[in-house]
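**Q** Quick one: sequence plus predicted model below, questions after.
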Amino acid sequence: MERFFRSLKIERLNMQEVEESKQSPRLNNANQQQPENGHETLVEIDRSMKLYFVEKILKQSPFLKAKEISQQILKSEGIYIEADECELLVKKYRFVSYKSYLFSLVVTVMLIVTVVWLNDYSQTGIIFATIVSPLIFNVFNEINIMWCFFRFNPKELQPHSECVNTKLASVAVLIPSCNEPFAVAKMTFDSAMSLTYASGKKEIVVVDNSDTDFDEYELWKNYVESFSHEGECAKKGINVSFIHRNGREGFKPRNLDIALEAVSSEYIMYLDVDSTLKPDTLLRVIPQFLFDKTLAFIQLYTVPTNTLAASTLAFAQGIKSYTQRLFLVLSTHGGHTLFYGHNAVWRTSAVRAIGDCLEHHNGEVVVAEDLSMSLRAAQKGYQGKSAWVQSGEWVPTSMRETEAMWLRWTVGTFQVFTKHFSSVDKCKCFNKVILFSWVQHVITFLSYGLVPLYVVTALFLQSEAFMFLAALSILPRFIVTACAYKKLSLGRMKPLEKIKQCYIAFFVLDSFINWICCVGLIRYVTGQKQGWTPTGKSYEGVVPWSRVVRERWLMMTFSVSTISYSCYLLMIMPLTSQLFLVAVCGFWGVNTLLSILLFGRSRMESTVEHGIKTGSVQHYENFY
């Protein structure tokens with residue numbers, strides 16, 4: 001299908017048409033280079049692809065003017081986009097830029113120099129400045145993205161779905177599974193089956209490493225295998241296969257590698273068991289690959305779809321995850337694009353080029369294969385792109401599952417960056433903008449994990465500097481809470497209830513996540529093995545408080561000690577500005593304790609069948 005890569009000429013659009021985005025630019029057939037195989041054009045280039053090309057040029061040359069961008073796109077891509085339109089796209093949609101990273105870096109350096117100077121260039125001052133730098137850098141970048149959140153409408157960048165359906169490339173939908181509830185696995189499989197696509201061009205491959213004595217394994221296997229070349233499946237031209245392997249060696253990445261060996265399609269869509277899609281997803285996404293042969297993958301815009309039928313924690317996770325995914329996609333407009341491990345489409349040749357999904361680092365499986373695939377694709381010169389096409393995923397419903405997920409993300413992030421950024425030579429393949437963007441990603445996890453250490457150091461050393469750090473780490477939470485309250489509907493929730501839910505999501509839940517990231521950071525530094533625990537999706541029985549105390553005793557002790565010592569300092573200290581900083585440290589302890597009280601017994605309260613009824617992306621069309 002790379003033969004379809006062709007020169008396109010965009011007709012002139014007046015600025016009003018561009019601003020309203022009511023019609024897409026048309027191809028100039030007189031100047032269009034026809035593909036060698038004579039097929040007709042599949043789709044007209046839309047605003048999202050034009051923005052992609054503008055960003056691609058700016059990542060290479062950050063300081064080009066609009067006219068130069070237009071000329072460079074025409075020269076390198078064979079596509080003409082008006083200079084005025086390039087300027088509009090940059091002003092309206094470029095949320096992360098070289099200038100924004102440079103500003104954050106300069107401010108961080110200035111504050112570090114100030115801290116060292118105030119401490120008379122002492123060794124303590126230098127150590128403190130080193131510790132504070134990732135937090136300050138991350139705070140400024142988070143504030144920038146949150147500001148962009150206020151003025152952005154994702155519908156403006158939604159890809160078109162008008163294409164010549166019969167001329168589309170072949171696609172394989174891969175679904176890895178392991179001991180999954182049949183109802184949830186069926187939901188994802190049915191969603192993949194319902195994707196509108198050209199007859200004979202879609203296949204579905206399930207790679208399963210469930211225990212054969214697992215209660216619902218046979219149900220799942222038989223259901224998938226029932227979709228053979230007979231009946232309705234044959235009419236639609238869909239090839240379905242079920243591959244089972246024994247054991248857990250290699251976890252999910254090994255399943256993906258096995259699936260790749262069985263695939264001959266030109267593109268691969270990765271799904272998890274709990275993913276749901278809109279029927280026209282492939283029609284919107286696949287044609288975009290035709291405009292750039294270096295485009296390796298397109299990540300779909302993913303929203304949580306089990307917040308209404310699950311637990312108290314799941315609702316908070318839904319709000320947190322929705323904004324987190326939104327901020328990640330906003331960051332792609334100028335920065336790197338991150339593959340989430342699911343709900344994305346890859347060019348098969350790119351997947352083969354970057355090597356196996358299964359990697360090892362220090363004798364252990366890299367548990368963030370999605371991050372690694374994104375990074376290795378960039379090192380090979382491939383591009384990633386986000387698509388504002390909604391897809392669904394489930395969030396964890398209990399503290400145990402939340403902990404497993406964030407530990408995997410934290411440890412996996414440090415594994416990938418240690419492995420792939422271990423030398424200057426490995427960094428040379430990135431331009432400065434993308435390098436800054438990737439570094440900012442690891443700094444996010446680092447700054448999250450350092451917060452509990454800031455708090456305990458601040459209180460027990462009575463260090464005003466570390467108290468300031470603890471206070472600074474809370475600042476983005478106030479801003480994101482204001483953003484979420486202003487922008488999210490949450491099913492037309494009443495104002496006071498919305499404030500409460502936003503507080504729980506961005507203060508209480510975030511404190512728990514700080515704790516998990518801190519544990520993950522310590523585990524990685526000390527060389528403890530991480531392993532892989534799949535996120536559970538089954539109905540759970542009542543969680544007794546005895547189990548909560550047994551599992552969370554260290555976290556509970558830490559939070560109670562923080563609260564108690566903060567109260568003690570507030571009573572004995574004179575009335576100074578330091579009292580406010582002590583109160584902030586105590587506030588973090590209160591939120592950490594609240595996370596245990598509010599989420600400790602959280603579970604999948606409704607049956608899985610009830611969750612399926614409200615667990616698809618269509619049900620959450622207008623919820624957020």
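**A** Cool, the structure landed. Numbering: from 1, shown residues only.
**Q** I'd like the mean pLDDT over stretch 284-297, please.
**A** The pLDDT scores in stretch 284-297 average 92.
**Q** Tell me the buried residues in that stretch?
**A** For stretch 284-297, burial by neighbour count (16 or more other CB atoms under 10 Å) applies to 284-293, 295-297. The C-beta positions use only the backbone N, C-alpha and C, and glycine is treated the same way.
**Q** what's the spacing between that stretch and its chain's center?
**A** 20 Å (CA atoms, centre = their mean, to the nearest Å).
**Q** Only alpha carbons, please: show it as CSV.
**A** The C-alpha coordinates for stretch 284-297 follow below in CSV (Å, rounded to 0.1, in the frame of the first residue of the first chain):
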residue,chain,number,x,y,z
ARG,A,284,-11.1,7.1,9.6
VAL,A,285,-7.7,5.9,10.5
ILE,A,286,-6.3,3.6,7.8
PRO,A,287,-6.4,6.1,4.9
GLN,A,288,-4.2,8.5,6.9
PHE,A,289,-1.2,6.1,6.6
LEU,A,290,-1.3,6.6,2.8
PHE,A,291,0.0,10.2,3.0
ASP,A,292,3.3,9.4,4.7
LYS,A,293,5.3,6.2,4.5
THR,A,294,7.2,7.1,7.7
LEU,A,295,4.0,7.1,9.7
ALA,A,296,4.4,4.0,11.9
PHE,A,297,1.4,4.1,14.2
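**Q** Tell me how many other residues surround Val548.
**A** If you count neighbours by other CB atoms under 10 Å, Val548 ends up with 19.
**Q** List the residues that contact it.
**A** Val548 is in contact with 399, 596, 600-601, counting by CB atoms under 8 Å, 6 or more residues apart in numbering.
**Q** As CSV, these with secondary structure and neighbour count would be great.
**A** Shown next, in CSV, are the contacts of Val548 (DSSP: H, G, I helix; E, B strand; the rest coil; neighbours: other CB atoms under 10 Å):
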residue, secondary structure, neighbour count
Met399, helix, 25
Ile596, helix, 24
Gly600, coil, 19
Arg601, coil, 20
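**Q** Closest one to Gly586 out of the residues you listed, please.
**A** Here the nearest of the contacts of Val548 to Gly586, counting by CB to CB, is Ile596; it sits at 16.1 Å.
**Q** so what's that closest one up against?
**A** Ile596 sits next to 399, 548, 552, 555-556, 559 when contact means CB under 8 Å, 6+ apart.
**Q** if we can go back for a sec, mark which of the buried residues of stretch 284-297 are part of helices, please.
**A** With DSSP state H as the criterion, helices contain 284-285 from among these.
**Q** nearest to Val240, of the buried residues of stretch 284-297?
**A** Of those, the one sitting nearest to Val240 (CB to CB) turns out to be Ile286, at 19.4 Å.
**Q** before we move on, the earlier item: take the contacts of Val548 and write them to CSV, including distance to Asn144 and pLDDT.
**A** Formatted as CSV, these follow (distance: CB to CB, whole Å; pLDDT from 0 to 100):
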residue, distance to Asn144, pLDDT
Met399, 32, 91
Ile596, 33, 96
Gly600, 35, 90
Arg601, 38, 87
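**Q** Out of these, which comes closest to Tyr624?
**A** Set against Tyr624, the nearest of those by CB to CB is Met399 (23.5 Å).
**Q** Correct me if wrong: that closest one contacts Phe512.
**A** Yes - if you go by CB atoms under 8 Å, Met399 and Phe512 touch, sitting 7.2 Å apart.
**Q** Spit out the residues that contact these two alike.
**A** Common neighbours of Met399 and Phe512 (CB under 8 Å, 6+ apart) are 595, 599.
**Q** wait, is Ala377 part of a strand?
**A** No - per DSSP: H, G, I helix; E, B strand; the rest coil, Ala377 lies outside any strand segment and is helix.
**Q** quick one: it and Leu295 touch, right?
**A** No - counting by CB under 8 Å, Ala377 does not reach Leu295; the two are 10.0 Å apart.
**Q** Now do the shared contacts for these two.
**A** With CB under 8 Å, 6+ apart as the test, Ala377 and Leu295 both reach Gly384.
**Q** just to revisit the earlier point, among the buried residues of stretch 284-297, which two are most distant?
**A** Maximum pairwise distance in those, criterion CB to CB, is 19.5 Å, between Arg284 and Lys293.
**Q** Which stretches in the stretch 451-600 of the chain count as helices?
**A** 464-487, 495-503, 509-525, 545-572, 578-599 (DSSP state H, counting those that start in this stretch).
**Q** buried sites along the last one?
**A** If you call a residue buried by 16+ other CB under 10 Å, then helix 578-599 has these buried ones: 578, 581-596, 598-599.
**Q** With the second one instead?
**A** Neighbour-count burial for helix 495-503 flags 498, 501-503 (criterion: 16+ other CB under 10 Å).
**Q** Please apply the same query to stretch 124-142.
**A** 125, 128-129, 131-142.
**Q** repeat for stretch 144-163
**A** For stretch 144-163, the neighbour count (16+ other CB under 10 Å) marks 144-146, 148-149, 152, 157-161, 163 as buried.
**Q** quick one, what contacts Ala368?
**A** 408-409, 411-413, 415-416.
**Q** For those, work out which two are farthest apart.
**A** Greatest spatial distance in the contacts of Ala368: Arg408 and Val416, 11.8 Å, computed using CB to CB.
**Q** higher neighbour count, the two?
**A** Using other CB under 10 Å, the more surrounded residue of Arg408 and Val416 is Val416, with 26 against 20.
**Q** Do me a favour and average the pLDDT over stretch 167-184.
**A** Mean pLDDT, stretch 167-184: 91.
**Q** so how far does it reach from one end to the other?
**A** 33 Å (CA to CA, to the nearest Å).
**Q** for stretch 340-348, same thing?
**A** Termini of stretch 340-348 sit 17 Å apart (CA to CA).
**Q** what's the answer for stretch 574-581, then?
**A** OK, stretch 574-581 end separation, CA to CA: 13 Å.
**Q** what separates that stretch from the chain centre, distance-wise?
**A** For stretch 574-581, the distance to the chain centre is 39 Å (CA atoms, centre = their mean).
**Q** Please apply the same query to stretch 240-250.
**A** 26 Å.
**Q** again with stretch 296-303
**A** 9 Å.
**Q** Next, give phi and psi for Ala387.
**A** Main-chain torsions, Ala387, degrees, to the nearest 10: phi -130, psi 130.
**Q** Going along the chain, name the strands of the stretch 251-400 of the chain.
**A** 267-270, 276-277, 295-304, 344-347, 360-361, 364-365, 383-393 (DSSP state E, counting those that start in this stretch).
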